[in-house]
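Student: Structure, please.
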Amino acid sequence: MLKTVLEIVMALVAVGDILAILFMEPKGSGLGAISGSATVFNARKPKDVVLDRLAVVLSIVFVVLSLVLVVFKF
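Tutor: Numbering: from 1, shown residues only. Okay, here's the model as predicted:
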């Protein structure tokens, strides 16, 4: 029972993490940075800051849940 709940929570965290990453604005200019045509000093939008923190937190929660499921062998 507890294993099923943890697996469902883990799946929801994974989907939330994927969505948070997909909604972020691209940070780099890709190959444009090599030739110097990239703009380096861009101000980050508040939405990007929130999504960045959310993605980090959800990633940490995902790893912790994975370790809990493996270590305690639910």
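Student: buried ones in the host helix or strand of L51?
Tutor: Assigned by DSSP states H and E, L51 falls within helix 46-71. The neighbour-count check on helix 46-71 (16 or more other Cβ atoms under 10 Å) flags 48, 51, 54-55, 58, 61-62, 65 as buried. (Glycine included, C-beta is placed from N, CA and C.)
Student: element containing A20?
Tutor: Using DSSP H and E, A20 falls within helix 2-22.
Student: circling back: for the helix holding L51, which helices and strands make contact with it?
Tutor: On a contact count with 3 or more Cβ pairs under 8 Å, 6 or more residues apart in numbering; DSSP states H and E, helix 46-71 meets helix 2-22.
Student: helices or strands up against the helix it packs on?
Tutor: helix 46-71.
Student: now the angle from the helix it packs on to helix 2-22?
Tutor: Angle of helix 46-71 versus helix 2-22, following axes from the mean of the first three to the mean of the last three Cα atoms, to 10 degrees, is 150 degrees.
Student: so how far is helix 46-71 from its chain's centroid?
Tutor: 6 Å (Cα atoms, centre = their mean, to the nearest Å).
Student: No further queries at this time; thank you.
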